[in-house]
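*Asks:* how would this look folded up:
(one chain, ligands or ions: 1)
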Amino acid sequence: MKNIIKTSSRGNLIVISGPSGAGKDTIVNELLKENENIWLSISATSRKPRSGEIDGIHYFFLTKEEFEERIKDNDFLEYASYNDNYYGTPKSDIVEKLNNGIDVVLVIEIQGALKVKELIPEAVFIFIMPPSMSELRRRLVDRKTEDKEKILKRFKTAYKEINEITKYNYVVINDQVKDAVDKVKAILLSEKCRVDRIEEVYLDNEEEEIHELLVDKNLENKDISF
Ligand code: 5GP
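*Replies:* Next comes the predicted model:
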């Protein structure tokens, strides 16, 4: 059977943002478990590791000086300063993965996401939203990874971030993780069906196709009119 169209085999670049505590990492981890065709970019940061965080798995942990050296070397696709620490997406690997048909996920904050939008406007921008601010507060307090002052800072930042939501293509409210994951999967699937991914159309000569259809023995006794 001949295909009518050829669509791009390139992977999509997917940018996921949302306030601290919205559940971005949980959603992305679920996606990665179910789909081998997705690769999560590991960021570099100058923030100190939290307990349980491993260098090279959760982040590449660098000193402030090392991070600034990497900025000078133009190693980052984007970087931003967030709550007094640097965070950045290493450039290496991303292009190779996309060319190999693998979707690349960046879980980054808004300033970085907007830089990616300038560079790669066709990327897919998804904002993960908590169901309410009181729920966000509860999640930030319950995870016990930050002291009171840092929680307050992250909570204030969340208000600013939510104001930028219209810069994204999609918003997913993370009330139940499974529902949120299903929504993100649906977005990724729809993005694969965009007409701008069509690279070629192979339509045969229309008259020949119709002629072949008319002389098809199986259709001889059927009444077909165009
Ligand atoms: P956390 O300290 O909670 O791990 O991350 C703080 C914020 O930095 C989160 O919103 C996270 O998504 C964001 N972030 C993580 N990696 C990067 C990155 O490479 N670039 C940017 N711009 N933000 C990042």
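*Asks:* For this structure, which residues are neighbours of the ligand?
*Replies:* Neighbours of the ligand within the chain, by CB under 6 Å from any ligand atom: 20, 43, 47, 78, 80, 82, 87-89, 107-109, 111-112. For the C-beta atoms, the positions are set from N, CA and C on the backbone; glycine is no exception.
*Asks:* possible to save the residues you listed as TSV with pLDDT, secondary structure and neighbour count?
*Replies:* Formatted as TSV, the residues of the chain next to the ligand follow (pLDDT from 0 to 100; DSSP: H, G, I helix; E, B strand; the rest coil; neighbours: other CB atoms under 10 Å):
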residue	pLDDT	secondary structure	neighbour count
Ser20	88	coil	23
Ser43	97	coil	20
Arg47	96	coil	16
Glu78	97	strand	22
Ala80	97	strand	18
Tyr82	91	strand	19
Tyr87	98	strand	22
Gly88	98	strand	23
Thr89	98	strand	23
Val107	97	strand	21
Ile108	97	coil	25
Glu109	94	coil	19
Gln111	95	helix	16
Gly112	97	helix	23
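*Asks:* and which of those residues is nearest to the ligand?
*Replies:* For those, the closest approach to the ligand (CB to the nearest ligand atom) belongs to Gly112, at 2.2 Å.
*Asks:* show me what contacts the closest one?
*Replies:* 78-80, 87-89, 106 (CB atoms under 8 Å, 6 or more residues apart in numbering).
*Asks:* The same query, at a cut-off of 6 Å, please.
*Replies:* Residues in contact with Gly112 (CB atoms under 6 Å, 6 or more residues apart in numbering) are 78, 80.
*Asks:* cool, Trp39 as well?
*Replies:* 97, 102, 104.
*Asks:* and it, what element?
*Replies:* Using DSSP states H and E, Trp39 maps to strand 38-40.
*Asks:* model confidence over that strand, on average?
*Replies:* For strand 38-40, mean pLDDT is 97.
*Asks:* and the lowest-mean-pLDDT helix or strand in the chain, what does it pack onto?
*Replies:* None of the helices or strands of the chain scores lower by mean pLDDT, DSSP states H and E than helix 206-215, at a mean of 81. Packing contacts for helix 206-215, counted by 3 or more CB pairs under 6 Å, 6 or more residues apart in numbering; DSSP states H and E, involve no helix or strand.
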